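Engineer: Okay, sequence plus prediction incoming.
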Number of protein chains: 2
Amino acid sequence: MAINNTENINTWLSHLHEETKFSISVDCVIFGYDEAALKVLLMDCNMPPYEGKKSLIGDLLQKQETTDEAAKRILENRTLLTDLYLEQVNVYSNPFRHPLGRVITLAYYSLINIEDYENQIVDAENKQLEWKTLATIDDLAFDHLEIVKDAYARLQRTVREVPIGFSMLPKKFSLIQLQNFYETVLDIELDRRNFRRKLMALGLLIDLKEFQDNVAHRPAKLYSFDFEKYKQKKNIGTLNFEI
Amino acid sequence: MAINNTENINTWLSHLHEETKFSISVDCVIFGYDEAALKVLLMDCNMPPYEGKKSLIGDLLQKQETTDEAAKRILENRTLLTDLYLEQVNVYSNPFRHPLGRVITLAYYSLINIEDYENQIVDAENKQLEWKTLATIDDLAFDHLEIVKDAYARLQRTVREVPIGFSMLPKKFSLIQLQNFYETVLDIELDRRNFRRKLMALGLLIDLKEFQDNVAHRPAKLYSFDFEKYKQKKNIGTLNFEI
DNA sequence: CCAAAAGTGTTGCCTTTACACCCATGT
DNA sequence: ACATGGGTGTAAAGGCAACACTTTTGG
């Protein structure tokens, strides 16, 4: 057996062949959280053989854009929100994954605040889109169920190490809301006192000196996350954000 | 501003356009470890304007293969080794990243045992390939330096959580070799006694009752990693592999 | 017997866990 | 006054970090 030293994309190839060009799509797993559950924004698929199923929100990569730009474009078109958190998940390249022919997809996941979304979206024609509770998603068009599972696994890993969860929470939140959020996303139970101690010890929550209003119980203190301080600490290397 | 409900890859699109097809390459960051340093297998690039620089090992995605298959093919062609550890890193899609035109690349990283590689490769024509110590890599063709950095970051994260490091070590190793490996890859110092205690407590090392030979000091005990037991423990959920 | 690297235990500290009662508000 | 959920402290256990001397081999 010999080493293959024939033409190669990184060394000698003189031109690109049309036969080895592929359609590329970018699919976004858009996560939202609404006090009760972790949800994913899905749309109706009417492409045979997947009529009636839900699919992720995606589009073909266009000629002069990067995949990050494509993901941003898709998100902005569909949610009317900008500056969303965005992270690559994986490439899915089974040759038969798409009925129209070979379409290789790159999945991203994104986190949005459902409230912001609802505010933006209320007037727009948007019947196609629906928030579906992650736990109830068991069938999607294409290979999108696999993509959602992979994206969720990535989210679970990342949310413990990086304060991305705050993108899904209201700007002002109580510690109990925050705890519920982590319990839901990580699918674990947390001790209230221990959770509070840990979060306060991080020193990254701003005490807003505000309280809940019109609740039939002792109103909770509201906090916001100190992104500035987080950046500073991260740069100095003093930080261990770890839920 | 309205929601864009025009044709979409996941819902209504009727056919794929030639103008939005792209060449896709798969580039492999092949890591090896040889008792002294973490290295990457690189090849010479002679494509203008990168003549004289080193590049990753990659190739164009072919018509009927998945990206995983492409990565395997590339690795097997170049290293003559099969069953290598392989993990996706990221997609790089800057429209101007490749001088031949638009080539979108998907990077993988792979871990190989340099000894096995040397054994396979010794007779073959292989002047193009070279192991380069990671720490000395500061300039590569294309955007390959960025790719190597991203791959290394992924490796550092994964090697602490999953026992992938053993792919880079000899089948029989001493605890000190193992410690040196982690110190090198993670770029940290570890206490010898604490490291040993931790590893032994995992219960995943097989004591081979063998010793180093012909060393001018007390010979070290040799171990191998118990992959079977690891799988079992992982399936039962009893495991916390965490260096 | 010397050099060189392997091997081994103990202690203090910090982090994590477990756990139960009082507080503020609306009705 | 009661129902509801918010807020608080302490003790025990376990994990982690720091640290120095003895052992085995070849030369």
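Structural biologist: Arrived safely.
Engineer: pull the helix or strand with minimum mean pLDDT from chain A.
Structural biologist: helix A:114-121 (a mean of 85; mean pLDDT, DSSP states H and E).
Engineer: Next SSE downstream of that helix?
Structural biologist: Once helix A:114-121 ends, the next helix or strand along the chain (criterion: DSSP states H and E) is strand A:129-133.
Engineer: what's in contact with that following strand?
Structural biologist: Contact with strand A:129-133 is made by A:32, A:34, A:37-44, A:54, A:57, A:78, A:114, A:121, B:3, as judged by C-beta atoms under 8 Å, 6 or more residues apart in numbering or on different chains. Quick note: C-beta positions are derived from backbone N, CA and C, even for glycine.
Engineer: quick check: angle from it to helix A:114-121?
Structural biologist: If you take axes from the mean of the first three to the mean of the last three C-alpha atoms, to 10 degrees, strand A:129-133 sits at 170 degrees to helix A:114-121.
Engineer: pLDDT score for the residue lying closest to A:Lys72 once chain neighbours are set aside?
Structural biologist: Counting by C-beta to C-beta, 6 or more residues apart in numbering or on different chains, A:Leu86 is the residue found nearest to A:Lys72 once chain neighbours are left out, at 6.9 Å. The per-residue pLDDT reported for A:Leu86 equals 97.
Engineer: partners of A:Leu86 in the sheet?
Structural biologist: For A:Leu86, the beta-bridge partners are A:Ser110 (DSSP bridges).
Engineer: show me what contacts A:Phe166?
Structural biologist: Listed by C-beta under 8 Å, 6+ apart, the contact set of A:Phe166 reads A:Phe225, A:Phe227.
Engineer: and the one helix or strand A:Tyr230 maps to, what's its mean pLDDT?
Structural biologist: If you go by DSSP H and E, A:Tyr230 is part of helix A:227-236. For helix A:227-236, mean pLDDT rounds to 90.
Engineer: try stretch A:129-149
Structural biologist: Stretch A:129-149 comes out with an average pLDDT of 96.
Engineer: Quote the end-to-end distance of that stretch.
Structural biologist: Chord length of stretch A:129-149, first to last residue, is 20 Å (C-alpha to C-alpha, to the nearest Å).
Engineer: where are the low-confidence patches of chain A?
Structural biologist: Low-confidence segments of chain A, defined by pLDDT under 70, span residues A:1-7, A:13-14, A:122-127, A:238-239.
Engineer: cutoff 50 now
Structural biologist: Within chain A, the stretches with pLDDT under 50 are A:1-4.
Engineer: List the buried residues for the longest helix along it?
Structural biologist: If you go by DSSP state H, chain A has its longest helix at helix A:144-159. Buried residues in helix A:144-159, defined by neighbour count with 16 or more other C-beta atoms under 10 Å in any protein chain shown: A:His144, A:Leu145, A:Ile147, A:Val148, A:Asp150, A:Ala151, A:Tyr152, A:Arg154, A:Leu155, A:Val159.
Engineer: Would you confirm that A:Ser174 contacts A:Ser224?
Structural biologist: No: using C-beta atoms under 8 Å, A:Ser174 is not in contact with A:Ser224, being 11.0 Å away.
Engineer: Now render the buried residues of helix A:144-159 as a markdown table, adding distance to A:Phe96.
Structural biologist: Shown next, in a markdown table, are these (distance: C-beta to C-beta, whole Å):
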| residue | distance to A:Phe96 |
| --- | --- |
| A:His144 | 15 |
| A:Leu145 | 16 |
| A:Ile147 | 16 |
| A:Val148 | 20 |
| A:Asp150 | 19 |
| A:Ala151 | 22 |
| A:Tyr152 | 24 |
| A:Arg154 | 25 |
| A:Leu155 | 28 |
| A:Val159 | 33 |
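Engineer: Out of these, which is nearest to A:Ile188?
Structural biologist: Nearest to A:Ile188 out of the buried residues of helix A:144-159 is A:Val159 (C-beta to C-beta; 11.7 Å).
Engineer: Could you list the domains of chain A?
Structural biologist: What automatic domain parsing lists as the domains of chain A is A:18-159, A:169-236.
Engineer: Of all the ones you listed, which one is nearest DNA strand D?
Structural biologist: Among the domains of chain A, domain A:169-236 comes nearest to DNA strand D, with 2.5 Å by C-beta to the nearest atom of the strand.
Engineer: That closest one near chain B at all?
Structural biologist: No: residues of domain A:169-236 contacting chain B under C-beta under 8 Å from any C-beta of the partner chain: none, with a closest distance of 13.2 Å.
Engineer: And that domain, how far out from the chain middle?
Structural biologist: Centre-to-centre, domain A:169-236 and its host chain are 20 Å apart (C-alpha atoms, centre = their mean, to the nearest Å).
Engineer: The residue nearest to A:Asp27 when sequence neighbours are not counted is in what secondary structure piece?
Structural biologist: Counting by C-beta to C-beta, 6+ apart, A:Asp27 lies nearest to A:Gly58, which is 3.5 Å off, once chain neighbours are set aside. If you go by DSSP H and E, A:Gly58 is part of strand A:57-60.
Engineer: Show me what the helix or strand following that strand is packed up against.
Structural biologist: Using DSSP H and E, the helix or strand that directly follows strand A:57-60 along the chain is helix A:67-79. Contacts defined by 3 or more C-beta pairs under 8 Å, 6 or more residues apart in numbering or on different chains; DSSP states H and E place helix A:67-79 against strand A:21-33, strand A:57-60, strand A:85-92, strand A:103-113, helix A:114-121.
Engineer: Give the buried residues for helix A:67-79.
Structural biologist: Going by neighbour count (16+ other C-beta under 10 Å), the buried part of helix A:67-79 is A:Thr67, A:Asp68, A:Ala70, A:Ala71, A:Lys72, A:Arg73, A:Ile74, A:Leu75, A:Asn77, A:Arg78, A:Thr79.
Engineer: and these, which two are the farthest apart?
Structural biologist: Going by C-beta to C-beta, the pair spanning these furthest: A:Thr67 and A:Thr79, at 18.1 Å.
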